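Q: Everything below, folded, please.
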Amino acid sequence: MDDFNILCTDLLSVDRVFQLTDWFGKASGSKLNKEKTKAQFYGPWKNSEKRGLQFQVTQEEQKILGVKFDTNCEGKTNWTEITQKVKQRLGFWTMRNLTIEGKILIVKAVILPVFLLISSVFIPPMRVFLELQRDIFYFICDSKWERLKREIMTKPKEKGGKGVPDLYLFLGSFYISTHFKQAMDIFNNPKTNSINRFWFGSYLRKLKLLKSDFKKPVAFNLPPAYAFIQKFLQHFKLEGEEIGILTNHRFIISVVQDREPATPVRGLLRGDATTVWPNVGHPVLTNRLQDLSWMVAHEILPVRAVMHSRGMSATSICPRPGCGAPESVRHLLWECSAARDLWAEAGSLQFPYLPAREVLDLQLVLYGVSHQKMEKKDFAEMWLTLATIKDAIWTSRNLLVSRCRQIPPWL
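A: Have a look, this model is predicted:
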């Protein structure tokens, strides 16, 4: 017999375990190695009770099913290993030339699963939340320069964000949904349900999710594991939600994100932001074009005016020869001489999916907002063409700045 854990409540149970293992050994021929057997005591045990035992008493942390339990049963040592593993994986994927969309996909598919097992037992300290969230944003931004506030980046795409996972919301919702399932006996485990309702019962009664029953004892003071649940629900104002939502972490995240308002679009003269953001993340666009359209709508494309305002460029003047205007996003894609020449030649003759030249205006080019109604298929083809042209303008500009190669974007 090797590598198994047994939980005992008293010394009588310990003696009973040795008797059962001896009986099992007589039938199977196996034998318990008592020299390698270790015991960890939790709670108010007396020193006299720890003496004269048939095994070694240790204060080292115990690893049970991949989860480390220290002497205080707080699980703090788990997060050191997880933090190192996350940094290692982020460092590996940093060497790949990924788009923002691709990096967010890596975070969701590769990074988040690292937390799920441990966070279902122990919730990370706030220090760990902040450190890991910072590393994730540095990975997505590819530098320490975060172009937008994190609360905007974590919004859904249809509200102006990029859908970057909020670790506090994601892990917290997963943690509390697990405990609510245990309290409501969804797992059909009576023992787990009973102990969960004892520690969690007073708060469940306050939420009116559990009827008051004076025949069953409950703890009036929530232990730290359940105090986090109360703090989480109060922070996101979820105490009034139904039990069907609180037992599903996806529903919890959806409720919180649905309450967030759409991010306004500066410079939008036609329509509203709820029209622009679905265009920015239109499925017809590739990841590269979605990133470009998103940065254009937020006006965070790293043009010289943006870089100069943050002290990262010596000048804000457009790099095109003979153009002395500040290089803003609007100037780059619409007002610059190179952009004007391109849009003057662009039309339904050169690009079959574009509208007539007199219909092509700034709002349509930057945000995909038109005063004319279009069919979904026609709009998708037009928007893909416009995004490709904008990408050609941006690529031509970068070649001029980085390699001093002046190539017209229409070639």
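
Q: For the residue nearest to Thr58 when sequence neighbours are not counted, grab the count of nearby residues.
A: Nearest residue to Thr58, sequence neighbours excluded (CB to CB, 6 or more residues apart in numbering): Lys38, at 4.7 Å. Heads up, the C-betas are built off the backbone N, CA and C, glycines and all. Applying other CB atoms under 10 Å, we find 11 residues neighbouring Lys38.

Q: ok, now Gly91?
A: Counted with other CB under 10 Å, Gly91 comes out at 11.

Q: just Leu342 next, same as before
A: By other CB under 10 Å, neighbour count at Leu342 equals 21.

Q: got a list of what the residue nearest to the spatial centre of the chain touches?
A: Of all residues in the chain, the one closest to the mean position by CA atoms, centre = their mean is Pro165, 1.4 Å from it. Neighbour list for Pro165: 104, 107-108, 112, 136, 154 [criterion: CB atoms under 8 Å, 6 or more residues apart in numbering].

Q: now, among the residues you listed, which is nearest to Pro352?
A: Ile104 (33.5 Å; CB to CB).

Q: Quick check, the closest one in contact with Phe137.
A: No - between Ile104 and Phe137 there is no contact under CB atoms under 8 Å: 10.8 Å.

Q: got any residues that touch both of these two?
A: Residues touching both Ile104 and Phe137 (CB under 8 Å, 6+ apart): Val164.

Q: Please identify which of these two sits among more neighbours.
A: More crowded of Ile104 and Phe137, by other CB under 10 Å: Ile104, with 20 against 17.

Q: any idea how the protein splits into domains?
A: Domain ranges of the chain: 11-60, 77-165, 170-258, 273-403, per automatic domain parsing.

Q: mind checking which of the ones you listed is nearest Lys68?
A: domain 77-165 (5.0 Å).

Q: Helices of the stretch 151-300 of the chain, residue ranges please.
A: Remark: helices assigned in the stretch 151-300 of the chain by DSSP state H, counting those that start in this stretch are 167-183, 190-206, 224-235, 243-246, 249-258, 273-280, 287-298.

Q: can you redo the ones you listed as JSON lines with distance to Val401?
A: JSON lines is the format used below for the helices of the stretch 151-300 of the chain (distance: least, CB to CB, whole Å):
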{"stretch": "helix 167-183", "distance to Val401": "36"}
{"stretch": "helix 190-206", "distance to Val401": "58"}
{"stretch": "helix 224-235", "distance to Val401": "44"}
{"stretch": "helix 243-246", "distance to Val401": "50"}
{"stretch": "helix 249-258", "distance to Val401": "38"}
{"stretch": "helix 273-280", "distance to Val401": "25"}
{"stretch": "helix 287-298", "distance to Val401": "16"}
